[in-house]
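**Student:** My questions are about this predicted structure, shown below with the sequence.
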Amino acid sequence: MGLFDKLKAGLTKTRSALTKNLDTLFFGKRVLDQSLYDELEELMISADMGPQFTSDLIEDVKQRVKRKELDDASQIKKVLQVRMIDILKRMEKPLTIPMDQPFVLMAVGVNGSGKTTTIGKMANMLRRSGHEVLLVAGDTFRAAAIEQLEVWGNRVGAPVIKQKMNADPAAVVFDAIGRIKAGFNGVVIVDTAGRLHTRTNLMEELKKVKRVIGKEMPGAPHEILLVLDATTGQNAVMQAKLFKEDIGVTGIVLTKLDGTSKGGVVVRIAGELGLPVRFIGVGEGMDDLRTFDSRDFTAALLD
């Protein structure tokens, strides 16, 4: 199965919800009238595309009808595709990591978003393209997180820096930056906690980790990657807003797109937050994390 086919297969749930509903909506000679617009609005919102994108799309369609550029409901799909690509194209900024020089990446996100697995898959991707990788077990509050990271480290051939459970995450990070100072010239990926008792606690903890990294290595972390679970739909948008405000996220990974019919949320995240989508996860396999491509994504959803 080629890369595109795999993406299409991974997006099956969103695709069938969206495309099937659109095709049903536009079936036959549907008149371009208010009832069609209302149904279209409902459909877009239920696909988690967000109110802003939806109202812009409908306004665009109405204007095109006025200018006599549209005379058939089925052409709306093309308008939708063009608008989606337009928004997503702006957010399509692959992560560029230089070879043979230290690069510190901090992965953040709530527990259950697939953060540790994403780190493992990213480490695999980087190792395969020739980078040295060092994993840092900064989620010291869950023994399972440390163990999971070690399993991934062994699988992809990346050493893991850790301390005992409940150790200060900043101390683990301090050790990792020590490796860079001692001559490590690769990518350091820091796993972080996703749930403390309150949001304030979590954010303070993450800020502390970020501060320690910056103090020990000016200019770092070079990337703060927010891992979001696509199955949570608009909840993911709320999380992204909080993390962006509090921590200064620089990019997003959207995971579990294969398990949801709410894949449209990527449009909303891009449109409302202006954060680049670096990677998307479309399956369980080692190679199911891929660089985000707006054209492939929209084609896999709508073609």
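**Tutor:** Arrived safely.
**Student:** Leu101 is in contact with Gly183, isn't it?
**Tutor:** Check again: residue 101 is Gln, not Leu. No. Gln101 lies out of contact with Gly183 (C-beta atoms under 8 Å); the separation is 11.5 Å. Every C-beta, even on glycine, is put in place using the N, C-alpha and C of the backbone.
**Student:** Name the residue in these two with the higher neighbour count.
**Tutor:** Gln101 (10 against 7; other C-beta atoms under 10 Å).
**Student:** Leaving out sequence neighbours, find the closest residue to that one.
**Tutor:** Excluding the flanking residues, the one nearest Gln101 by C-beta to C-beta, 6 or more residues apart in numbering is Asn185, at 5.9 Å.
**Student:** So which elements touch the helix or strand hosting Lys121?
**Tutor:** Applying DSSP states H and E as the criterion places Lys121 in helix 115-128. Counting contacts by 3 or more C-beta pairs under 8 Å, 6 or more residues apart in numbering; DSSP states H and E, helix 115-128 packs against strand 103-108, strand 133-138, helix 143-156, strand 187-192, strand 251-255, strand 277-281, strand 289-291.
**Student:** how far is the helix ranked longest in the chain from where the chain is centred?
**Tutor:** When the chain is scanned for its longest helix (criterion: DSSP state H), the result is helix 199-216. Distance, stretch centre to chain centre, for helix 199-216: 21 Å (C-alpha atoms, centre = their mean, to the nearest Å).
**Student:** could you give me the average pLDDT of that helix?
**Tutor:** Across helix 199-216, the average pLDDT comes to 92.
**Student:** how far off strand 187-192 does it point, in degrees?
**Tutor:** Put simply, helix 199-216 runs at 160 degrees to strand 187-192, going by axes from the mean of the first three to the mean of the last three C-alpha atoms, to 10 degrees.
**Student:** what residues does helix 199-216 touch?
**Tutor:** Applying C-beta atoms under 8 Å, 6 or more residues apart in numbering, the contact partners of helix 199-216 are 104, 106, 108, 138, 169-170, 173-174, 177-178, 181, 190, 192-196, 220-221, 224, 242, 246-248.
**Student:** which ones among these are found in strands?
**Tutor:** If you go by DSSP state E, the contacts of helix 199-216 have Val104, Met106, Val108, Gly138, Val190, Thr192, Ile224 in strands.
**Student:** Now do the buried residues in the helix holding Lys121.
**Tutor:** 115-127 (16 or more other C-beta atoms under 10 Å).
**Student:** so which of the helices and strands packed on helix 115-128 gets nearest Glu92?
**Tutor:** Taking C-beta to C-beta, strand 277-281 is the member of those nearest to Glu92, at 7.1 Å.
**Student:** Give me the buried entries from the contacts of helix 199-216.
**Tutor:** Of these, these count as buried by 16+ other C-beta under 10 Å: 104, 106, 108, 138, 169-170, 173-174, 177, 190, 192-194, 220-221, 224, 246-247.
**Student:** In the chain, where is pLDDT below threshold?
**Tutor:** For the chain, the stretches with pLDDT under 70 are 1, 196-198.
**Student:** Apply 80 and report the result again.
**Tutor:** 1-3, 29-30, 195-199 (pLDDT under 80).
**Student:** contacting residues for Phe174?
**Tutor:** Val212, Glu216.
**Student:** where's stretch 248-255 relative to the chain centroid, distance-wise?
**Tutor:** For stretch 248-255, the distance to the chain centre is 5 Å (C-alpha atoms, centre = their mean).
**Student:** tell me which of the ones in strands among the contacts of helix 199-216 is nearest to Gln234?
**Tutor:** Among those, and counting by C-beta to C-beta, the member closest to Gln234 is Val108, at 19.3 Å.
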